[in-house]
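*Asks:* Return a 3D structure for these sequence lines:
(2 chains)
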2 protein chains.
Amino acid sequence: MTGAYAALESRFKRLGLVNEAVAMLNWDTAAMMPEGAAGARAEQLAELKVIAHELLADPRLADLLDGAASDGLDDWQLANLNEMRRLWLHATAVPADLVAAYSRACSECEMAWRKARPANDFASIRPLLQRVLDLTREVAAAKASKLGVSPYEALLDQFEPGGRITEIDQLFDHLAARLPALIEGALTVQAEQPAPRRPAGPFPVESQRHAARRLMDRLGFEFDHGRLDQSLHPFCGGTPDDVRITTRYDEADFARALMGVLHETGHALYERGLPAAWRRQPVGEARGMSIHESQSLLVEMQVCRSREFIEFAAPILRVCFDGNGPEWSADNLYRLGTRVARSLIRVDADEVTYPAHVILRYRLERALIADELELVDLPEAWSEGMERLLAVTPPDDRQGCLQDIHWYDGAWGYFPTYTLGAMTAAQLFDAAKRAVPGIPAAIAHGDFAPLLAWLRANVHGLGSRFSAREILVRATGKPLDAAVFEHHLRARYLAA
Amino acid sequence: MTGAYAALESRFKRLGLVNEAVAMLNWDTAAMMPEGAAGARAEQLAELKVIAHELLADPRLADLLDGAASDGLDDWQLANLNEMRRLWLHATAVPADLVAAYSRACSECEMAWRKARPANDFASIRPLLQRVLDLTREVAAAKASKLGVSPYEALLDQFEPGGRITEIDQLFDHLAARLPALIEGALTVQAEQPAPRRPAGPFPVESQRHAARRLMDRLGFEFDHGRLDQSLHPFCGGTPDDVRITTRYDEADFARALMGVLHETGHALYERGLPAAWRRQPVGEARGMSIHESQSLLVEMQVCRSREFIEFAAPILRVCFDGNGPEWSADNLYRLGTRVARSLIRVDADEVTYPAHVILRYRLERALIADELELVDLPEAWSEGMERLLAVTPPDDRQGCLQDIHWYDGAWGYFPTYTLGAMTAAQLFDAAKRAVPGIPAAIAHGDFAPLLAWLRANVHGLGSRFSAREILVRATGKPLDAAVFEHHLRARYLAA
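*Replies:* Next comes the predicted model:
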């Protein structure tokens, strides 16, 4: 025993606590802070991030990380040490001046994007985006050499630890080859059914909040360890002991906020279920964005858009919104919740067309990082991709390559996790139902305990003990398999 | 130029930012946090305080503080350097093991007090309080030798920088000698008038919040730089750019929350008015608790319980609470707001009897720190003091020496600032009205701009540039004078 591992645990606990403070301030910024405090808040957050970086990039950590391996560690400790090393590599791989330049470039580009998007002005923002892209390539190269992976995989590793291009390509190619026919088929089946009726509002915010809280509570959200509030962009923040989710209410459409809340509740249940014994240690944290997104989509898409859930939820919604008439029937609400449409905007897409949006972005960002595509050609490449995958053509860049913040803000390598998450959700839910056949019937009665227990044991409670791939193999018997997701889509959308 | 002063400014900026993060988390703890997150929050706060302490107690600061004196500083910079040195002395005067033992003792005693108070059990908590007192004396001795003051003054300096026993004794003795007759006189005058009628509730929380926000807004509270929320114990927290005040609503009595909000608004206006050019530097911070409390009491007691203010506010209250009838007349509301009564509980006391509660506590804590009084004799000394100063006798310790958290939580040296604040408020408001004679008429019209402008120039904008004493001399022509407060009480309560 060198004491090195213990020293690392205590260092990472400090880092974890600072990161928790950052998470709470980020929540406050979005949900509570008055506008005039934005400048002061930015400085507070920057300072805490400097402190976190100092804790992580301390040169002494290199020796501790080397020494800890001979401390006779158990499996969890070894996994923790691996995660520590990964975080340390990310933090130290990039020279400080490049980090600063990159941060500045992203911030400038993101601010300009906020004006360029409504103005439909890709040309004006292109030089700033080029700067972000150039620096992203530098960051990727620096991290790639330390991590021993390709530059794109080094970016991916920030969101999806251990993610590999070959696997993603294979999964996405499988789906992309089948998507156009799948979408066409879903639209045909849908056209043969009566069009669903949309309940007429207004739906008071207070009623929507009440309905959302009732369903959150039933799903297992612990209000003694979390909150539901409002923000412009819904998110799940806070910490595992204090999970803060937000939504945005539209009085004309209750479903938008409600489905958003259910999505965030999936994220929240994951955070809350992370292994308490490993709080504030890297191995105690969520495994990565594909697993995180799988938990939100498992709740929102797999569970809450299922017939069983809507059978259970429809009477609650009728009470909360004082609803009656055929538009409030479970059958009508189910058809509303599973409506498919070709659309231009990713965040408005349904679960069938969503992967097309994501696969396009993944392919484009791979090509841009690999210097196989020039920014000047991005709008055209975007249009071509949309036509090929979705058979729609954006009339302008506002509804094309300007619509998402990710690239302008430096989040390269993030997009694929959305659809990896959707696939993972389908595969986990499928396995859960095989393991515990009573799950769908329980859901129809508003009893989510059997599903939650399975998720706690097979996903949440594992933290980062295993890779995303290992989690899937252990829970479902195989690595991610696009055919399971495809089967889910066929079962839900093609069985008339 | 050695660069030492610049290095200090950058170090204290970092410290200030960490302290701002602590302030926001403290607000969240009281106003937003779900109960189950208390343990995690305590750890987050403890870590940030360790980081703040490391930034402040860094041994290199000693050299920088010595070196900076030869950096050719201007008056503000010199005052800043003095405040830096004072904070550094407080942070480094006490050995780390004593700090830890003291913190633990206070925490244990405070937790036990939460049970001992309702149980009326002073005997059981006495050993824990003795431990706090013993360690307080050790802390006081350590700080006193570094600051060159007496032990009690070293404690006082934590809340009231530069506060001196001789001055406080003289002020409190002046008042204590006159208080019994003053209270008796006020009660006699009051008895000769018709008893005020109390408006009947319930007063919905939403109406109370609306009324509170309207009055806050008129007083100059900037909602773009602050919020009003709810918490069990009302307070003013946050930062100068994001001032967060809280209150607690009682549907049976709107005045309690409302006057509380107006009190906290006084604190908030002070924080918001601190010199922006010196943000996160010690000289840019509030001067101390007597000045801070003077700003809350100037708003709550001097302004908002004046006839002029109530003339302005009564119609607003009638609208907010749908009130009519004689109980809603300005005259009746004025008499309600200036009601005097001998009582046992400090926090429920009116402005005439409040000083008696404070003077008793000041004298008792002085005697306890000086070892001239034993804890075993505290209940009796308390009773004797209450009889002498207020002519009431507590029937038990719950309504006696167990009522306040301060001593049990280690806040020795805090109590005198309440009454120093009340005196300062009277003297500042008196000077403001002499300097700007239109202030009372403006208040009667709901125009607080002339008063706020005077406070900004003479108090808020000075931060810690001058001592509390110097602030008063510059603003009012003399140091604190108990006769001005006495005159205020006579004018308001003895002029029939």
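*Asks:* So which residues on chain A come close to chain B?
*Replies:* Counting by C-beta under 8 Å from any C-beta of the partner chain, chain A comes close to chain B at A:14, A:17-18, A:20-21, A:24-25, A:28, A:32-37, A:39-41, A:43-44, A:47-48, A:50-51, A:222-227, A:239, A:241-242, A:279. Where C-beta positions appear, they are placed from N, C-alpha and C, glycine not excepted.
*Asks:* which of these are buried?
*Replies:* Buried members of these, scored by 16 or more other C-beta atoms under 10 Å in any protein chain shown, are A:14, A:17-18, A:20-21, A:24-25, A:28, A:32-34, A:37, A:40-41, A:43-44, A:47-48, A:51, A:225-227, A:239, A:241-242, A:279.
*Asks:* any idea how far the residue nearest the centre of chain A lies from A:Ala483?
*Replies:* Closest residue to the average C-alpha location of chain A: A:Glu293 at 3.9 Å, with C-alpha atoms, centre = their mean. Distance from A:Glu293 to A:Ala483, counting by C-beta to C-beta, to the nearest Å: 19 Å.
*Asks:* quick one, what contacts the residue nearest to the centre of chain A?
*Replies:* A:Glu293 is in contact with A:417-418, A:420-422, A:424-425, counting by C-beta atoms under 8 Å, 6 or more residues apart in numbering or on different chains.
*Asks:* Look up the closest residue to A:Lys49, ignoring the ones flanking it.
*Replies:* Of all residues not flanking A:Lys49 in the chain, A:Val22 sits nearest, at 6.8 Å (C-beta to C-beta, 6 or more residues apart in numbering or on different chains).
*Asks:* before we move on, back to that, now the contacts of A:Glu293 as JSON lines including secondary structure?
*Replies:* Formatted as JSON lines, those follow (DSSP: H, G, I helix; E, B strand; the rest coil):
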{"residue": "A:Thr417", "secondary structure": "helix"}
{"residue": "A:Tyr418", "secondary structure": "helix"}
{"residue": "A:Leu420", "secondary structure": "helix"}
{"residue": "A:Gly421", "secondary structure": "helix"}
{"residue": "A:Ala422", "secondary structure": "helix"}
{"residue": "A:Thr424", "secondary structure": "helix"}
{"residue": "A:Ala425", "secondary structure": "helix"}
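*Asks:* need the helices for the stretch 351-496 of chain A, in chain order.
*Replies:* A:354-369, A:378-390, A:416-435, A:439-444, A:449-458, A:468-476, A:482-493 (DSSP state H, counting those that start in this stretch).
*Asks:* export the ones you listed to TSV and tack on mean neighbour count and distance to B:Ser107?
*Replies:* Listed next are the helices of the stretch 351-496 of chain A as TSV, based on neighbours: other C-beta atoms under 10 Å in any protein chain shown; distance: least, C-beta to C-beta, whole Å:
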stretch	mean neighbour count	distance to B:Ser107
helix A:354-369	22	51
helix A:378-390	18	58
helix A:416-435	24	43
helix A:439-444	18	45
helix A:449-458	18	33
helix A:468-476	19	40
helix A:482-493	18	52
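*Asks:* Would you mind saying which of those helices lies nearest A:Leu8?
*Replies:* Among the helices of the stretch 351-496 of chain A, the nearest to A:Leu8 by C-beta to C-beta is helix A:468-476 (22.8 Å).
*Asks:* Counting by contacts, list what that closest one packs against.
*Replies:* On a contact count with 3 or more C-beta pairs under 8 Å, 6 or more residues apart in numbering or on different chains; DSSP states H and E, helix A:468-476 meets helix A:289-297, helix A:416-435, helix A:449-458.
*Asks:* what about it, distance to the chain center?
*Replies:* Relative to the centre of its chain, helix A:468-476 is centred 18 Å away, using C-alpha atoms, centre = their mean, to the nearest Å.
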